[in-house]
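> Provided below for reference: sequence and predicted model.
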Amino acid sequence: MTRRAAILACLIALASASPFAVAAGPPGGDVFDANTMGFLTKVDSSGLGLLGSQHRGRIAILDTVAAEQLDQAYGDDSIDGIGAAAAYIELYFRAGAYVDKPVIYIRERNMRAYLASRLPAGRVEQFKRTHRIAPAGLLDDQAWMLLFRAGRADRKDYVRAAALGSLRDSLAELSERKEFRVPIDRLSARYSSFLGEGVMRLAPGAADDWMTAEDVFGASAATTAPAPAETPAGQWRALRQAWLARDAVAVNKAIARLETLLPQAVGDRASYPSATVRSLERLYNRTWQFTVLRIGFAASLLLLIVAAAATGGWARRLGIGVFSLSTLILLAGFVVRWILSGRAWYLPPIMNQFEAVIGSALLGAVIALIMEMIWRQNFFALAAAFYATVALLAGLIFPEQMSGDIRAQHGILASPVMAIHVSVIIIGHALVGMTFVLSVVYLVGYPITALIAKTDKRSSPPDLRRGGEMSVLSVIDRCNLIVAQIACWSVVAGTILGAYWGDFAWGRWWGWDPKESWALITAMVYVALLHIRFLTPTRWRGLVTALICILGFAAMMFNWIVVNFILSGKHSYA
Amino acid sequence: MNDTPTSPASNTRMLRKVSSWTGMGAMAAIAMYLMLASASPHWLAAALGVSLFAPDDSVQKELFRYPPFLAMIAVFFAAMIVATVVAVPLRLRNAGAWCSHVGLLALGVGAVWYAGFSQSGDSLTLRSREGWTPVKYVYLDRSFAVYVHDASDPNGRPLQHPLAGLIPRGDPQGLDVTIPGTPEGVTIRATQFLPSARTTRRWANISPNIIPAVELSVTDGDAAGTVLLSPSLPGHEHVGVGDYILTYRSGITPEGLENIVTPTDANESPGMGHDLALVLTGSRIEPTIAVIRPDGSRWHARLQVGKAIDVPLAGRKVRIEPRAFFDHAAEVHELAAPHDHSIHQAHAPMADEMPAGPAVKLEIRSGDWRRETFVPFGAYEDFGQPQMIDLPGNRAVWLNFSRERVALPATIEVKSAKYETYPASGIPKDYVCKVAVTAGARTSDEILSLNNPVTVGGFQFSQGSWVPAGAAEPTQILFGAASRPGLPIIWLGCVLICLGFPYAFYVKPLLMRRRARA
């Protein structure tokens, strides 16, 4: 292990030693019994998790694959304190042993109430505590039908289910019954990505696609002759044998061999990520949950509100400090994701809905910091902090549309012009979001100021850097205008760049696609704003600006949410 | 009009106000229109009566060619020009506003040029055993043409005659275009354009072979329909309605008539427990309907074309009316105008017809001889089925109705096509075509892939769609093709717009401050 990797390992250890981490104390947990726990704690789960596995168009680490699967099925990426890779491999290898263990997380509250009413008395307590049910508990026909119908009707995954082989067995058993065949088949198709089959690609084979776990372990038709021991497939089989025999020493030996064999087997066809990059990926998986950042941006927002209200020096310093630190952490995560994504260097991680929202929060925060350095007001950082907090919460509101999994992007997006187009557009989105915050602040402040009868009657907003006596409203209006000007430029320039890209990617520079139409509407709102300010009596300018900025924000949000998810168009890659 | 004398200054002020607010109003109107057109295009099209006809689903494109919408844009530009001239003095400090406004104007001019002169469409290539068919033409999106091919000329080629302006009109009536007929002395006129024709089916005595058949109208309780029965046409031998069987026998003699009514014939006995109803004809007998019941009892009656009789079948009365008897029955498929000429209302096809897409009605004259025919639309002339019309004097002409096409100065031939995905993901990575572009004796090899178009003869070709989708080796490839005139002006305008903003935001205040200090 390189020195850098060692440092990273220390960081990982620190990260996982947070006070919220589940203590790996009791000898047996809800799922794993004492024997299994004993075995799993002896397995080199760290080395296992760091093994490469082909996933979503890149070579990820097994930890990533397992965590995604467990998160879908179990609702968490560790079981009984055992890390994702070891826990998932245990469930995969010994599926039959977990038919009556609570491994399926039921997400929907009504569904939980229904299932609780049907469970045997001895299991209700545990189900109510963990919200997890055993596949055997789901063998109830009516429960399945209900889950299936509700899931289909609402297009939600009410049941975070079926990653597990045990559930696959239950499905197979149920689908043998004639009356369930069609719905169960459909259900299987819907959840096929969780079903385990073809999910883990463990060993490089002759083709570009690696061999799936089923190929390696002989469960699928593609398996031919037994693999020689000194190949990744052979070592994986040895690992499975040792695993089933509960021989931790042999398992760890196989893991060590795989660590050597996998890079050799990959050869020149694709680059097998270095130990450092793989450790970085695990660190990213463990820390990239946004909780800290949400708290960071929200805290800086509160501090900056205090600073704006009281014009306090300490609140501003602290607020800007927390804001800068949060931005820095967000930037670090962004850069790590850029490295991990395995895309061309000119494609930053802004290629899908999740990445665009996070990237927008980051770029908005960076621009706000630059503005703070120039104009030294609290309002830029305040607006950006609010925007970032909301953007980072969006993942909780739209968990399905904003999946954070790293995956390859559609080939047509792999163009440097596309990357610049999206970057400029999402900067525009961030700034539009900031003008919305500033406008709301203005509109809230306006009647208060009017009540105090100190309505600003200045002919034009003051120059922020000149100092002098200014009403708070004038300052907010000035800040709003500064942000709105750049927002206008970004939306216009971003749309133009999109036209330039559309010309050579699609063969037309403008096609009245819904996304294009709404980008034009947003741009027009801001262009109109800049002109209407000249046409409005000075005392109303701030108010008019605030109102129009809110309109612009509404157009932008419509474009981002309604157009992306509801109206179809050529821009539906993300 | 205000009759009181006004000073030039107040006139200017007025003009500035009016033009500025007109511009703002036009922008608001454009924005509202865009909102409706993108969120609910079908509703808007129906509300405005915009014709939606096009071979592909391009509702929105038609909405953005709607003249009042274009007028809104024109008003905006006019207001912008007036407001700029009146309200923004041509000074260095206003260079940003001028730059942006001139840029926007250039963008508008470029866009008009582009919209007016760009040709966009697509080209199709099919894979056969010999390789991919060479691409020689670009078929344009919104223009139609009738293709006439003189079949008697061995060296003749289909000649295209564009039918201009079909889409904006979308009117099934009132077309009168004379198409220069290639065969001498023949005139071809397009008399009607049908955005959505229908195919009708009927039976006629036109088969060269002897095929006896009867067409019956049958009403059984609530169910009513027309059936064709023929012992010689597979699928038409009999109609089984659950508890009775209806069939047809021709060439029956009076003696045979007696025999067949006796339930001894193994093939025709009602052995399956059903009533058997037989329509019987012969040269020496009157058309008759005979019913044989499982218990051996029978019933028969005369049949007359156009006269309905109640036949006691399966314990109830079934009304049967012969419509026609045929000796040389054959089904004729014909194009016809839709029942409802309004193209906005979906026409539910009747049982004997099906929607057939667009068609054009052509009238062919040669001397006193005259014939009218509907020619169905095919998106690609070279892959379509032309309609052959026999002309007097042992001549014939092939007619085709397709899109207008532009011949390329070079042919594009796909040498290999590969659909690439990212490993283990199924996410499309690239659609790569190795193409050979041949102009005369010169051939150049090029790669046509995503984000990497190839330009031939002024047309930029880009990847369109592959059929079947997701197949490693497709059987059909559609390339998008467009000529792009005016694009440099558009980009120039865009650059000016992008430069104007920062000048107005940041340079102008600097200049103003310096002036205030001085």
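Thanks, I have the structure now.
> now the helix or strand hosting A:A66: buried residues?
Using DSSP states H and E, A:A66 sits in helix A:62-74. Neighbour-count burial for helix A:62-74 flags A:62-74 (criterion: 16 or more other C-beta atoms under 10 Å in any protein chain shown). Just so you know, the C-beta spots here come from the backbone N, C-alpha and C atoms, and that holds for glycine as well.
> same thing with stretch B:88-106?
B:88, B:93-106.
> export that stretch to PDB, keeping only CA atoms.
The C-alpha trace of stretch B:88-106 is given here as PDB (Å, rounded to 0.1, in the frame of the first residue of the first chain):
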ATOM      1  CA  VAL B  88     -29.800  55.100 -26.900                       C
ATOM      2  CA  PRO B  89     -27.500  57.800 -28.200                       C
ATOM      3  CA  LEU B  90     -24.700  56.500 -30.400                       C
ATOM      4  CA  ARG B  91     -21.900  57.100 -27.900                       C
ATOM      5  CA  LEU B  92     -19.000  55.000 -26.700                       C
ATOM      6  CA  ARG B  93     -20.600  54.500 -23.300                       C
ATOM      7  CA  ASN B  94     -23.700  53.000 -25.000                       C
ATOM      8  CA  ALA B  95     -21.600  50.600 -27.100                       C
ATOM      9  CA  GLY B  96     -22.800  47.700 -25.000                       C
ATOM     10  CA  ALA B  97     -26.500  48.300 -25.700                       C
ATOM     11  CA  TRP B  98     -25.800  48.900 -29.300                       C
ATOM     12  CA  CYS B  99     -23.600  45.800 -29.500                       C
ATOM     13  CA  SER B 100     -26.300  43.600 -28.000                       C
ATOM     14  CA  HIS B 101     -29.100  45.100 -30.000                       C
ATOM     15  CA  VAL B 102     -27.200  44.900 -33.300                       C
ATOM     16  CA  GLY B 103     -26.200  41.400 -32.300                       C
ATOM     17  CA  LEU B 104     -29.900  40.500 -31.700                       C
ATOM     18  CA  LEU B 105     -30.800  42.000 -35.000                       C
ATOM     19  CA  ALA B 106     -28.100  40.000 -36.800                       C
END
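> list the contacts of that stretch.
In this structure, residues lying in contact with stretch B:88-106 by C-beta atoms under 8 Å, 6 or more residues apart in numbering or on different chains are B:77, B:80-81, B:84, B:489-490, B:492-505, B:507-508, B:511-512, B:515.
> ok, back up a step: out of the buried residues of helix A:62-74, which comes closest to chain B?
A:V65 (10.3 Å; C-beta to the nearest C-beta).
> list the contacts for the closest residue to B:A204 other than its chain neighbours?
Leaving aside its chain neighbours, B:A204 sits nearest to B:V332 (5.0 Å; criterion: C-beta to C-beta, 6 or more residues apart in numbering or on different chains). Contact analysis of B:V332 by C-beta under 8 Å, 6+ apart lists B:R201, B:R202, B:W203, B:A204, B:I206.
> just the buried ones from those?
B:W203.
> compile the contacts of B:V332 into JSON lines and extend it with columns for secondary structure, pLDDT and distance to A:G234.
Formatted as JSON lines, those follow (DSSP: H, G, I helix; E, B strand; the rest coil; pLDDT from 0 to 100; distance: C-beta to C-beta, whole Å):
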{"residue": "B:R201", "secondary structure": "strand", "pLDDT": "79", "distance to A:G234": "66"}
{"residue": "B:R202", "secondary structure": "strand", "pLDDT": "81", "distance to A:G234": "72"}
{"residue": "B:W203", "secondary structure": "strand", "pLDDT": "86", "distance to A:G234": "71"}
{"residue": "B:A204", "secondary structure": "strand", "pLDDT": "85", "distance to A:G234": "74"}
{"residue": "B:I206", "secondary structure": "coil", "pLDDT": "75", "distance to A:G234": "74"}
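> just checking, which helix or strand of the chain averages the lowest pLDDT?
Defaulting to chain A. Least confident helix or strand of chain A, by mean pLDDT, DSSP states H and E, is helix A:181-190 with a mean of 42.
> hmm, no, I was thinking of chain B.
Using mean pLDDT, DSSP H and E, helix B:166-169 stands out as the lowest-scoring helix or strand of chain B, at a mean of 57.
> and the contacts of whichever helix or strand comes after it?
Proceeding N to C from helix B:166-169, the next assigned helix or strand is strand B:177-180, under DSSP H and E. Contact with strand B:177-180 is made by B:V146, B:V148, B:H161, B:L163, B:T187, B:I188, B:R189, B:A190, B:L362, as judged by C-beta under 8 Å, 6+ apart.
> now do the fourth one against A:S117, distance only.
In other words, B:L163. With the distance defined as C-beta to C-beta, to the nearest Å, B:L163 ends up 70 Å from A:S117.
> look at these two and report which has more neighbours.
Just comparing B:L163 and A:S117: by other C-beta atoms under 10 Å in any protein chain shown the higher neighbour count belongs to B:L163, 18 against 8.
> the more buried one touches B:V146, doesn't it?
Yes. Look at B:L163 against B:V146 with C-beta atoms under 8 Å: they come within range, at 6.3 Å.
> which residues do these two both contact?
Joint contacts of B:L163 and B:V146 (C-beta under 8 Å, 6+ apart) are B:A190, B:V360.
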